[in-house]
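only geometry, no sequence info:
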């Protein structure tokens, strides 16, 4: 009999406590960040430095050492070089990253001597066609001279806000979305209250 | 509604068969009106549930379709209409198709006897409350049919569980209703409301300690009737993947869900009618006399006020039903049965006898003060529980050092 | 149903709690033989999430395999990293700087906290209480943001390297971790008020599928599952590794809270209390972290001398062991990963008969089995 009444009392008290907790959450601010448009500043700017976003390559400072290609566990990077017999200079003829396979582990960015391959703050990788996920950094037929590291000099790459310069290799699939849309198609508007 | 029809027709001298035709036509209009009401309430309850559930889980509910996501339920309904009608190959086609059409009227027919305001009731039958509790049992048949005809062992388990649960919980529900009926003496819905008063201590909830207890029993029992958590084992999402509904998709699935949400509204309306004084406005002793004495325009205002009071009280209970759903875990099936037969039924019987006893005790003279004092005490207890909940919620807020944020439209 | 006439003659039904099921925490299959609601037999089928990680190890460089160890158990990825790095470090014979060890411990114990948040949250969700899961995820978000600052990613960390960790802490991170721990201390009592103390929850879980200590040891269970059955065993204390001996923490053993030792509620409570202990460890580590290097000098593509080694870490689910055989090249010869969820799956057929389907859901959630760990 005592257990019977105890059960009723325990149920009533614990249900009361539980209901109070849920009610208290009704009165608090929701934790949701309404990405991508109802945020005070674009999410790309809210990311911490060192965020491992999608890769990007600055071919002006690439030394064609192929360290990233050898390090990649999945074989996502494909680099081909061409050596000019007279001048003994290295040229990049092919630099492709396949984002269908890249798991953004960051191993390649750790070994790059100049920081040519690095993470961007982009994380929206979806495209309308799977073949558009193959990013090429050397136009077909182009030869980019490999950067030669000068001792005690920081490699000067392209400036920070240079446009995203990957050329998506199109096979049979037409690019339905222009390369500029890599940064997201929904334009954000600052939410007036949250900006203040 | 029948009275309105009679008063409309009274001026005309018509043949009997024309009268019958007109009556039939009138009934169709009323039924369509009730159907529209039910559909909108079901949809709005679903929207409300998603928003409230979101806030309780520290997230926002739907907020893109319409200003606060208000048209989400219409969008979902439209999407379901356009979905492909998938019927499993080995399922019993006739029963599969028929099951939603039994469940839906089971929920919808209860709307015909709910008292929305003074004189606003679709059908004022003398066995009002008895009709409501029995017509909702039609749902059991539909659920069993759905579970069986899906040709899926999981849905069969769910259907059988649901049938046993709903049938068992009819009894405590009926006992609680009888507890109130013992005090009121009538089964007629409008009369039950009319016999209560406007002030809280005149409600049947605080009438005597036994109706107080039977309120909670009735609340739990009709939660079980409507397959709501903590009694939603038949459609337990994580155990049986929607139980008896697992093979349904598109609009057929929505029929079941519609009924569940409309049932939330019916539950709350029943609670309001039986225990909280329905459409009685606090402060007005006899609404009928006030309305009879007022000019026509003011009459409409009073009726509208009574409808508004009913809506407010029902909405509070809708919120409570949703609140309970998103707080409590599920009961296991044998614990459910145990609770019904070992806790609710005995206590329900005790309440019934006690309430009958309270009715028999004298009500006049010095006893008047005794009863008033008892009712005021119970009112205080009831409001203490409510205020205690709110106070405890603020305690939780302070314990986690959070700030209050009530913008529900964000 | 067609053809049901003869199946009505038998008493038992065979049901597939199949690969697609909201409560099996991944793609697992249990073939149940039911008599009404009672389970007579349960046969687990595994392999739906097999990704051949161990085979891939044989053709990947040692460093390149570290991201794969994240994905063995993605909810407690740091432990996979640590186990593998410890194995290779033993073969290479290098010593990890103290600062790096402290950073590893902080990362691992934070990972334990957030994993148990998900474990307890999804456990409650399986039982029908949908809210605690989302509250747990909200707290997890704060830690995810910290992980983003630590290593750049929120789920698959790839944080540890041979000889230390990949990056140093950004300034201000220790204050952020301490602020989170302060908030976490206020969060857990509220979580307990919401769900742990709830009578319905307790009644669902006490006396449900008790696993005795002997059974737990026989099946090689580990971690909270083992300790809840009363066995006082913790790898961090009994086979110490890393800098765990420098921290003061309690090993939570189940004592039959409101039920009996080894039942479902006991496993749940052990996880809750372990979160508190992990918070203590993190606080001690953050406050006492020494200055120094975060990575020892190791070749970029190490050639590991031939040999074999077995290392184990106290992961969130139990013992995660790495058996590494090297043949002197820059790719492993064999890397075998021993996970606790696999053993937990094996224990199910023995302990579950006699309980109901609803109990199976509760029990399965309390074992904290994740499919990727079972199948690798």
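Thanks, I have the structure now. This one's a predicted model, so the numbers in the text were calculated from it and none came from an experiment.

Least confident secondary structure element in chain B?
When the helices and strands of chain B are scored by mean pLDDT, DSSP states H and E, helix B:237-240 comes last with a mean of 53.

for the chain, what are the low-confidence residue spans?
Just so you know, I chose chain A. For chain A, the stretches with pLDDT under 70 are A:158-196.

not what I meant, chain B
Checking chain B against pLDDT under 70 turns up B:1-2, B:9, B:236-242, B:410.

Up against chain A, what does it have?
Counting by C-beta under 8 Å from any C-beta of the partner chain, chain B comes close to chain A at B:52, B:54-60, B:63, B:323-324, B:326-328, B:343, B:385, B:388-390, B:392-397, B:402-406, B:410. All C-beta atoms are positioned from the backbone trio N, CA, C, and that covers glycine.

Quick one: buried ones out of the residues you listed?
Listed as buried from those are B:52, B:54-58, B:60, B:63, B:323-324, B:326-328, B:343, B:389, B:392-393, B:396-397, B:402, B:410; burial here means 16 or more other C-beta atoms under 10 Å in any protein chain shown.

Take the residues you listed and keep only those in helices.
Judged by DSSP state H, the subset of those located in helices is B:52, B:54-56, B:323-324, B:389, B:392-393, B:396-397.

what's the farthest-apart pair in those residues?
Spatially, the most separated pair among these is B:54 and B:392, at 21.7 Å (C-beta to C-beta).

Briefly note if the biggest strand by length in chain A comes near chain C.
In chain A, with assignment by DSSP state E, the single longest strand is strand A:90-98. No: Strand A:90-98 lies out of reach of chain C by C-beta under 8 Å from any C-beta, never closer than 16.0 Å.

Paired strands for that strand, with orientation please.
Within its sheet, and counting by DSSP bridges, strand A:90-98 is paired with strand A:77-83 (antiparallel), strand A:134-136 (antiparallel), strand A:144-145 (antiparallel).

what does it rub up against?
With contacts defined as C-beta atoms under 8 Å, 6 or more residues apart in numbering or on different chains, strand A:90-98 is touched by A:55, A:57, A:59, A:62-64, A:76-84, A:133-138, A:142-146, A:169.

try it again with 7 Å
The contact list for strand A:90-98, computed with C-beta atoms under 7 Å, 6 or more residues apart in numbering or on different chains, reads A:55, A:57, A:59, A:62, A:64, A:76-84, A:133-138, A:143-146, A:169.

cool, stretch C:350-360 as well?
Under C-beta under 7 Å, 6+ apart, the answer for stretch C:350-360 is B:239, B:332-333, C:34, C:37-42, C:208-209, C:211, C:215, C:363.

List only buried entries from those.
Buried members of the contacts of stretch C:350-360, scored by 16+ other C-beta under 10 Å, are B:239, B:332-333, C:34, C:37, C:39-40, C:42, C:208-209, C:211, C:363.

From the contacts of strand A:90-98, list just the buried residues.
A:55, A:57, A:59, A:62, A:64, A:76-77, A:79, A:81, A:133-138, A:144, A:146, A:169.

And the helices in chain A?
Going by DSSP H, chain A shows helices at A:2-26, A:43-46, A:67-71, A:107-111, A:192-195.

before we move on, what about the stretch 151-300 of chain C?
Listed in chain order, the helices of the stretch 151-300 of chain C (DSSP state H, counting those that start in this stretch) span C:173-191, C:199-205, C:213-218, C:223-228, C:235-238, C:264-287.

Next one: the residue in the stretch 101-250 of chain C that chain A sits nearest to from residue A:144, what distance?
Closest residue of the stretch 101-250 of chain C to chain A, C-beta to the nearest C-beta: residue C:152 (3.7 Å). According to C-beta to C-beta, to the nearest Å, residue C:152 stands 28 Å off from residue A:144.

got it, and residue B:61?
52 Å.

what do you get for residue A:16?
Relative to residue A:144, residue A:16 is positioned 71 Å away (C-beta to C-beta).

can you check residue A:131 too?
For residue A:131 relative to residue A:144 (C-beta to C-beta), the value is 23 Å.

do residue C:46 as well
In terms of C-beta to C-beta, residue C:46 sits 50 Å off from residue A:144.

picking up where we left off before, now, which of the buried ones among the contacts of stretch C:350-360 lie within strands?
Reading strands off the buried ones among the contacts of stretch C:350-360 with DSSP E, I get C:34, C:39-40, C:42.

Quick check: closest non-adjacent residue to whatever residue of the stretch 101-250 of chain C ends up closest to chain B.
At 3.0 Å from chain B, residue C:128 is the closest residue in the stretch 101-250 of chain C, using C-beta to the nearest C-beta. Nearest residue to residue C:128 in three dimensions, chain neighbours excluded: residue B:330, at 3.0 Å (C-beta to C-beta, 6 or more residues apart in numbering or on different chains).

thought that neighbour was touching residue B:233?
Yes: here residue B:330 reaches residue B:233: they are 5.9 Å apart, a contact under C-beta atoms under 7 Å.

Which helix or which strand is home to the residue nearest the centre of chain B?
What sits nearest the mean C-alpha location of chain B, by C-alpha atoms, centre = their mean, is residue B:267, with 1.5 Å. Per DSSP states H and E, residue B:267 falls inside helix B:250-275.

Next to chain C, which bits of chain A? Give me the list.
Applying C-beta under 7 Å from any C-beta of the partner chain, one finds that chain A approaches chain C through A:10-11, A:14-15, A:17-18, A:21-22, A:31, A:48, A:50-52, A:71, A:73, A:103, A:105-107, A:110-111.

Buried subset of those as a ChimeraX selection?
Buried members of the residues of chain A next to chain C, defined by 16+ other C-beta under 10 Å, are picked up in ChimeraX with:
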select /A:11,14,15,17,18,21,22,31,51,52,71,73,103,105,106,107,110,111
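
List, out of the residues of chain A next to chain C, those positioned next to chain B.
By C-beta under 7 Å from any C-beta, the members of those lying near chain B are A:15, A:18, A:21-22, A:31.

Surely residue B:4 is within a helix?
Yes: counting by DSSP: H, G, I helix; E, B strand; the rest coil, residue B:4 is located in a helix.

From residue B:122, how far out is residue B:245?
From residue B:245 to residue B:122 the distance is 29 Å (C-beta to C-beta).

which one of those two has more residues nearby?
Taking other C-beta atoms under 10 Å in any protein chain shown, residue B:245 and residue B:122 do not tie; residue B:245 has more neighbours (27 against 19).

For the more buried one, what are phi and psi?
Note on residue B:245: its backbone torsions stand at phi -100, psi 10 [degrees, to the nearest 10].

tell me the contacts of it?
So residue B:245 contacts B:146, B:235, B:253, B:256 (C-beta under 7 Å, 6+ apart).

could these go into CSV alongside distance to residue B:349 and neighbour count?
Formatted as CSV, these follow (distance: C-beta to C-beta, whole Å; neighbours: other C-beta atoms under 10 Å in any protein chain shown):
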residue, distance to residue B:349, neighbour count
B:146, 33, 30
B:235, 30, 24
B:253, 39, 18
B:256, 33, 23
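
Name the residues of chain A found near chain B, please.
Going by C-beta under 7 Å from any C-beta, the residues of chain A near chain B are A:15-16, A:18-32.

Which among these count as buried?
Counted by 16+ other C-beta under 10 Å, the residues of chain A next to chain B give A:15, A:18-28, A:30-32 as buried.

and of those, the nearest to residue C:102?
residue A:31 (30.3 Å).

Residue B:57 versus the closest one, what's the distance?
Noted for residue A:31: a distance of 9 Å to residue B:57, by C-beta to C-beta.

Would you indicate which residues of the helix or strand harbouring residue B:318 are buried?
Taking DSSP H and E as the criterion, residue B:318 maps to helix B:296-325. Within helix B:296-325, the residues that qualify as buried are B:299, B:302-303, B:305-307, B:309-311, B:313-314, B:317-325, counting by 16+ other C-beta under 10 Å.
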